[in-house]
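Q: got a sequence here, can you model it:
(chains A and B)
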2 protein chains.
Amino acid sequence: MEKKISMAVIRRLPRYYRYLTDLLKVDIKRISSKELSERMGITASQIRQDLNCFGGFGQQGYGYNVESLYREIGKILGVDRRFNTIIIGAGNMGNALANYANFKKRGYDLIGVFDVSPDRVGKEINGLKIMHLDEMESFVRNHKVDIAILTVPSQNISEVADKVAALGVKGIWNFSPQDLKLAGDIVVENVHLSDGLMVLGYRIKEKEQG
Amino acid sequence: MEKKISMAVIRRLPRYYRYLTDLLKVDIKRISSKELSERMGITASQIRQDLNCFGGFGQQGYGYNVESLYREIGKILGVDRRFNTIIIGAGNMGNALANYANFKKRGYDLIGVFDVSPDRVGKEINGLKIMHLDEMESFVRNHKVDIAILTVPSQNISEVADKVAALGVKGIWNFSPQDLKLAGDIVVENVHLSDGLMVLGYRIKEKEQG
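A: Numbering: from 1, shown residues only, chains lettered A, B, ... in the order given. Below you'll find the predicted structure:
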């Protein structure tokens, strides 16, 4: 079961994973694609198609075994694996993310926070002393850093990203509004918060028009 | 051209809109689905299928007219429309969002910020004085508030959401890790930041395994 799963399906897996986590919490042991569809707002046929991609744990007339589906999706997503993570940019967004308890639970350990502002360097975020960006290079060389979360201003983003990539960090989570595209092996996920807001705006408009 | 477009397509439209905006900036007037595919990392057939949903502006051997596609998607998303927006929760995330210049550009005007903490109430965010949550009701009654962005702790989320819904606000953008489901006409978009982080983790793991 190591065949290639499309990125479109992968992007939906964290969502399945969240819903299955909630089902397990309330001790639901099996669920049909129809019920899952109603809870998640995804069509039942989409769910069947998605879940078929990795073996298909549904049985006719029985539904999905919640726990085995949860375990399998968790394995695909790599939730058993831990990632050493740093944040570059200790402004409001950096602070908000540093304090997001969910990340640690999901396997992402925050081990360093960096900034350039004298007002921030030396202060603490979530028990970590903010270091100057100049210290990042030696820090990354001495710790195995997997992921850098970038919450720096747009004008600094490509310089910082290049630095991080050159140090062999494996992935960047980019919160600047500007998309990053980097050569080489580093993986980039660009966050576009305003996309979600635009979808909300669309849905409001649609509702108003009936 | 007012037929129903599926939510899956709608959720991709902001992304098309961003890419088209970038193309217009560098004065690119037409583009094939193949080129757009390479830039966006979506398959060309998905792009053709998506864009066919609302009329299909592509011409065989010519490609898409960037400007008309941009205008049409903008119209569907309602970018010509402005939304009065408030933020409830003036912590780090609330501050980060209040300072996100992109929102205003996209039609979302921040007109009020609320919190309950005496440390925050009375201070300013982005030129707006933070009000106590107790003042929210009269504020919403006196201003036409379309959207409430909720960045309150998980334990307060449903109480605050119910209050907002009862006041006739049209949409909620929920940043608490807990999904909100509300009865009635109010539209909710739940933000799940950790979903993106999990996708990043998956892609790193995939790369490591070759």
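Q: what pLDDT, on average, does the longest strand along chain A get?
A: As assigned by DSSP state E, the longest strand anywhere in chain A is strand A:108-115. Across strand A:108-115, the average pLDDT comes to 96.
Q: how far away from the center of its chain is that strand?
A: 15 Å (C-alpha atoms, centre = their mean, to the nearest Å).
Q: near residue A:150, how many other residues are there?
A: When neighbours are defined as other C-beta atoms under 10 Å in any protein chain shown, residue A:150 has 24 of them. Quick note: C-beta positions are derived from backbone N, CA and C, even for glycine.
Q: what's the pLDDT at it?
A: So, for residue A:150, pLDDT stands at 97.
Q: list the contacts of it.
A: A:88, A:89, A:157, A:160, A:161, A:164, A:172, A:173, A:174, A:175, A:176, A:180 (C-beta atoms under 8 Å, 6 or more residues apart in numbering or on different chains).
Q: excluding covalently adjacent residues, which one is nearest to residue A:17?
A: Distance criterion C-beta to C-beta, 6 or more residues apart in numbering or on different chains; nearest residue to residue A:17, sequence neighbours excluded, is residue A:73 at 5.0 Å.
Q: that neighbour reaches residue A:13, doesn't it?
A: Yes. Here residue A:73 reaches residue A:13: they are 5.4 Å apart, a contact under C-beta atoms under 8 Å.
Q: give me the contacts around the longest helix along chain A.
A: Assignment by DSSP state H gives helix A:7-25 as the longest helix of chain A. Outside of helix A:7-25, the residues within contact range by C-beta under 8 Å, 6+ apart are A:31, A:36, A:39-40, A:42, A:50-51, A:53, A:66-67, A:69-70, A:73-74, A:76-77, A:79, B:41, B:46, B:179, B:192, B:194-195, B:198-199, B:202-203.
Q: just to revisit the earlier point, next step: the contacts of residue A:150 restricted to strands.
A: Checking the contacts of residue A:150 against DSSP E, those in strands are A:88, A:172, A:173, A:174.
Q: Serialize these to a markdown table and add fields for pLDDT and distance to residue A:24.
A: As requested, those are exported to a markdown table (pLDDT from 0 to 100; distance: C-beta to C-beta, whole Å):
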| residue | pLDDT | distance to residue A:24 |
| --- | --- | --- |
| A:88 | 98 | 35 |
| A:172 | 98 | 32 |
| A:173 | 97 | 27 |
| A:174 | 96 | 32 |
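Q: and these, which are buried?
A: Neighbour-count burial (16 or more other C-beta atoms under 10 Å in any protein chain shown) applied to the ones in strands among the contacts of residue A:150 gives A:88, A:172, A:173, A:174.
Q: what bridges to the last one?
A: In this structure, residue A:174 has the following beta-bridge partners (DSSP bridges): residue A:150, residue A:190.
Q: so what's it up against?
A: Contact partners of residue A:174, counting by C-beta under 8 Å, 6+ apart, are A:150, A:157, A:161, A:180, A:188, A:189, A:190, A:191.
Q: quick one: neighbours of residue A:38, just the number.
A: Neighbours of residue A:38 using other C-beta under 10 Å come to 11.
Q: which helices and strands does the helix or strand that it is a member of pack with?
A: Per DSSP states H and E: residue A:38 is located in helix A:33-40. For helix A:33-40, the packing partners by 3 or more C-beta pairs under 8 Å, 6 or more residues apart in numbering or on different chains; DSSP states H and E come out as helix A:7-25, helix A:44-52, strand A:63-65.
Q: buried residues, it. List them.
A: Buried residues in helix A:33-40, counted by 16+ other C-beta under 10 Å: A:33, A:35, A:36, A:37, A:40.
Q: which one of those is nearest residue B:124?
A: Nearest to residue B:124 among the buried residues of helix A:33-40: residue A:40, at 40.1 Å, using C-beta to C-beta.
Q: for the closest one, give me its contacts.
A: By C-beta under 8 Å, 6+ apart, the residues touching residue A:40 are A:15, A:16, A:19, A:47.
Q: now, among those residues, which is nearest to residue A:140?
A: The closest of the contacts of residue A:40 to residue A:140 turns out to be residue A:15 (C-beta to C-beta; 31.7 Å).
Q: if you rank every helix and strand of chain A by mean pLDDT, what lands last?
A: Least confident helix or strand, chain A: strand A:58-59 with a mean of 63, by mean pLDDT, DSSP states H and E.
Q: quickly run through the sheet partners of the longest strand of chain A, with directions.
A: strand A:83-88 (parallel), strand A:131-132 (parallel).
Q: what does that strand rub up against?
A: Everything outside strand A:108-115 that qualifies as a contact, by C-beta under 8 Å, 6+ apart, is A:82-91, A:94, A:98, A:103-104, A:121, A:125-126, A:128-133, A:135-136, A:139, A:143, A:145, A:147, B:197, B:201.
Q: can we see that at 7 Å?
A: A:82-90, A:94, A:98, A:121, A:125-126, A:128, A:130-133, A:136, A:139, A:143, A:147, B:197 (C-beta atoms under 7 Å, 6 or more residues apart in numbering or on different chains).
Q: give me the buried subset of the residues you listed.
A: The neighbour-count test (16+ other C-beta under 10 Å) marks A:83-90, A:94, A:98, A:121, A:125, A:128, A:130-131, A:133, A:136, A:147, B:197 as buried among the contacts of strand A:108-115.
Q: how about low-confidence regions in chain A?
A: A:1-3, A:54-61 (pLDDT under 70).
Q: can you tell me the closest non-neighbouring residue to residue A:47?
A: Spatially, and ignoring its direct neighbours in sequence, residue A:47 is nearest to residue A:33 (4.5 Å; C-beta to C-beta, 6+ apart).
Q: one step back: could you check the longest helix of chain A and say which residues are buried?
A: Judged by neighbour count (16+ other C-beta under 10 Å), helix A:7-25 contains these buried residues: A:9, A:10, A:12, A:13, A:14, A:15, A:16, A:17, A:18, A:19, A:20, A:23.
Q: looking at those residues, which one is closest to chain B?
A: residue A:14 (3.8 Å; C-beta to the nearest C-beta).
Q: that older thread, correct me if wrong: the residue nearest to residue A:47 contacts residue A:48.
A: Yes. Contact status for residue A:33 versus residue A:48: in contact at 5.0 Å, counting by C-beta atoms under 7 Å.
Q: any idea how far residue A:132 lies from residue A:114?
A: Going from residue A:132 to residue A:114 by C-beta to C-beta, to the nearest Å gives 7 Å.
Q: that'll do, ta.
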